[in-house]
Structures are given as C-alpha cells and as structure tokens.
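> my questions are about this predicted structure, shown below with the sequence.
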Amino acid sequence: MKELFRKILFGEALIREYATVRIGEEIRERVYLRKNAGDAPRDVSRTHWVLCLDPLVFGIWTETTPDNVGDGISHWLYFRDGPCKPGEDPERQAVAVAELEFMDRIEEAGGCLLLFRLVSCRVHHIAAFKTRLLYSKYYRKPGLSFDKLKAFATAYSYPRKVRLVSFRGENYYNIFPMDLLGDIPRAGRFVFGLRHSNVALSRIIAEKKIVVSEVPSGSKEMIYQLGSHHSSVPPPVAELPFAVIPSPAFGFWVPAWAESCKEIRILRTMDLGSHMLMWGEPVGELLLNPVSDHLHHIHFLMYLHQLKKRSGYLPA
C-alpha cells in the first residue's frame, strides 16, 4: 500500500532526502537577496553558500561593506528556477523564500562576508498537502521536524557543488567530500563549513592548512566511498582503491583523477553551531585533468519540482 501511495503521488521517483545531479559550469537556478520589503533585489546566486545546518547559516559575499545589516533589519532570500525579468518581484514564482537575521561578518579589503541565520522559510516546490504527506510518511524521525525539513529544502533549492577536501599530518591523512563550501576568486578567498563531528577538524585548525579538489561526476562512486571518512579513520593510503599524488606545497594527498586542487591557508575560524566556519586564502594550485561536469546536491522537493516542470538536470 505504501508503494502504491508513493507512485500515485510522486510517480516512479525513489524518495530520499537529497538528489545528486550532474551540472556543467552553468547553474540555471537563481538566488536573490533583498533587504526590507521595498528594496531592490540583488543576484547572489554565485556568492552565497550554506555554511551550517543547525542553525541554518548562509554566508553571502559582497564587494562593498554594507551598513544597516544589524538588529531590526529584515533580509530575504528568494530561490527561483531562473533569473528575474527586468522589474520583476523575485518572490513571484519563487520555489522557496527565506527570512534571515544578521549574525556576524568577516571584513576584507576587497569586500565582506555576511553571515545570516535562518529565521523562517516558505517552500512551494510541490503542493502543500504533498509536502506534508511526504514528511509524515517518509521523513519524520527524531531531530527532523517539519520546520527543519522546510529549512533544508530551502537551502538546497540551489544546487550545492560537491568537492573533495584533503588533509595530511604526521601519521595521519584524510580525504572526504563536502558541499558546504565556496570560493571567491576575485577576492582570493575560500570558505568552508565543516561539521564538528568530523575527525579531521581539530587537526585542520591546528595546522591551518587544507586542500580542496574539483572532481568529475564520473567518479561518483569513489567520491561517496570517501564520505565515511568524516567520522572514521581512513585506511592506509596504499589500500585506497585509486592512486593519489601530493599537492605541490603542502604534500596533502589528492586523487589522481581530480581535475585540479587548491592549497588553502586557514586565516580564521568561527563556531557557527553544528559546523565550524573556516576562512582561508589559496596559496597554490595544481591542474591535473580536463574539466567535466560535477556532482551537485539538491533537495528531493526541488527534484520533484524539476520533474513536474520537466526541467531537471541529468541524474548522477
């Protein structure tokens, strides 16, 4: 009966929390930031990232140092299938809307990283009754309230690219995938949101070094095998199912099939809740293989929305 219920409401889609898709350089979706209800929206699609899940925290980069972002100032994020038309309200046809409150900032000579905590959100991916049914039948579990489901669906209404992070210390190394991170090429900065439960976190903070690799979607199986390294000790390097090479300066292990890697020096850390923010600068880069499409995560509600519109990305 449960299987019949699923097929009637959601078709042949295999229900899960997140979907993994393949995307080239161009992400179709757009995200707009607006301060107060009447202000002009700003496209922050390529300059915003999810950096913490509990509470849900967004980092938004701006090349100007803004004022009036503190207490009592409302900010809104609008997640859309595509760009706004000239003069269009970004809330119109948004698949998700997030109300934010200012937390903190990191100021640099070339701009400022603003940190916002989620206050509330609304989701419009599928009919409201289907969202409720999906939660009650498939997602309800300890620690995942309906509000949290909406928060995660909001955050992952924009595809989050999967990269590999590497660290190496005395008699220790680790390689694991992440999607809570982002780069700011014009400012020469990188930002990470690494879960406190990650076994490598304390070592990374102590050494103030990390390597991040761009990886092709065709290596999905190996990438996800590395996911267990977040909470467990990796096997000896010789037992990895693929070859590795050392990064140029740090000597951290990088899969030989990676497209490229950047060595990052950590400049600052900040505790956000479930995750630690790490703010760094690239100090070295190695190009290894041709660029291809990459793995991205979207929430399952967004996946269903794309199926309904017949506008989905290729599954990975």
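Cool, got the structure.
> these two touch, right, residue 188 and residue 279?
No - the pair residue 188 / residue 279 is not scored as a contact, 11.6 Å apart, by C-beta atoms under 8 Å. In this view, the C-beta of every residue, glycine as well, is placed from N, C-alpha and C.
> more neighbours, the two?
Taking other C-beta atoms under 10 Å, residue 188 and residue 279 do not tie; residue 279 has more neighbours (18 against 13).
> OK, contacts around the closest residue to that one other than its chain neighbours?
Once flanking residues are discounted, residue 279 sits nearest to residue 268: 4.3 Å by C-beta to C-beta, 6 or more residues apart in numbering. By C-beta atoms under 8 Å, 6 or more residues apart in numbering, residue 268 lies in contact with 106, 277, 278, 279.
> and of the residues you listed, the nearest to residue 301?
residue 277 (26.5 Å; C-beta to C-beta).
> what residues are bridge-paired with the closest one?
residue 193, residue 270 (DSSP bridges).
> please begin residue numbering at 189 from this point
All set: I'll call the first residue 189, so the last point we hit is now residue 465.
> what pLDDT does it get?
If you check residue 465, the pLDDT there is 98.
> wait, it touches residue 384, no?
No - the criterion here is C-beta under 8 Å, and residue 465 misses it with residue 384 at 11.4 Å.
> looking at these two, which one has more neighbours?
Between residue 465 and residue 384, counted using other C-beta under 10 Å, the more crowded position is residue 465 (23 against 12).
> helix or strand: which one has the closest residue to residue 415 other than its chain neighbours?
Leaving aside its chain neighbours, residue 415 sits nearest to residue 365 (5.6 Å; criterion: C-beta to C-beta, 6+ apart). Using DSSP states H and E, residue 365 maps to strand 360-366.
> can you tell me the strand partners of that strand and which way each runs?
Strand 360-366 has these strand partners (DSSP bridges): strand 351-357 (antiparallel).
> name the residues of the partner strand that are buried.
351, 352, 353, 354, 355, 356 (16 or more other C-beta atoms under 10 Å).
> of these, closest to residue 411?
Closest to residue 411, out of all of the buried residues of strand 351-357 and judged by C-beta to C-beta, is residue 352, at 6.7 Å.
> any idea how far that closest one lies from residue 480?
15 Å (C-beta to C-beta, to the nearest Å).
> what do you get for residue 231?
For residue 231, the distance to residue 480 - C-beta to C-beta - is 26 Å.
> repeat for residue 331
On the measure of C-beta to C-beta, residue 331 and residue 480 end up 36 Å apart.
> same question for residue 311.
Counting by C-beta to C-beta - residue 311 and residue 480 are separated by 32 Å.
> so for these two, which sits in the more crowded spot?
residue 311 (24 against 14).
> state the pLDDT value of residue 497.
87.
> contact partners for residue 376?
By C-beta under 8 Å, 6+ apart, the neighbours of residue 376 are 298, 469, 470.
> tell me the secondary structure of residue 335, please.
The three-state label for residue 335, taken from DSSP: H, G, I helix; E, B strand; the rest coil, comes out as helix.
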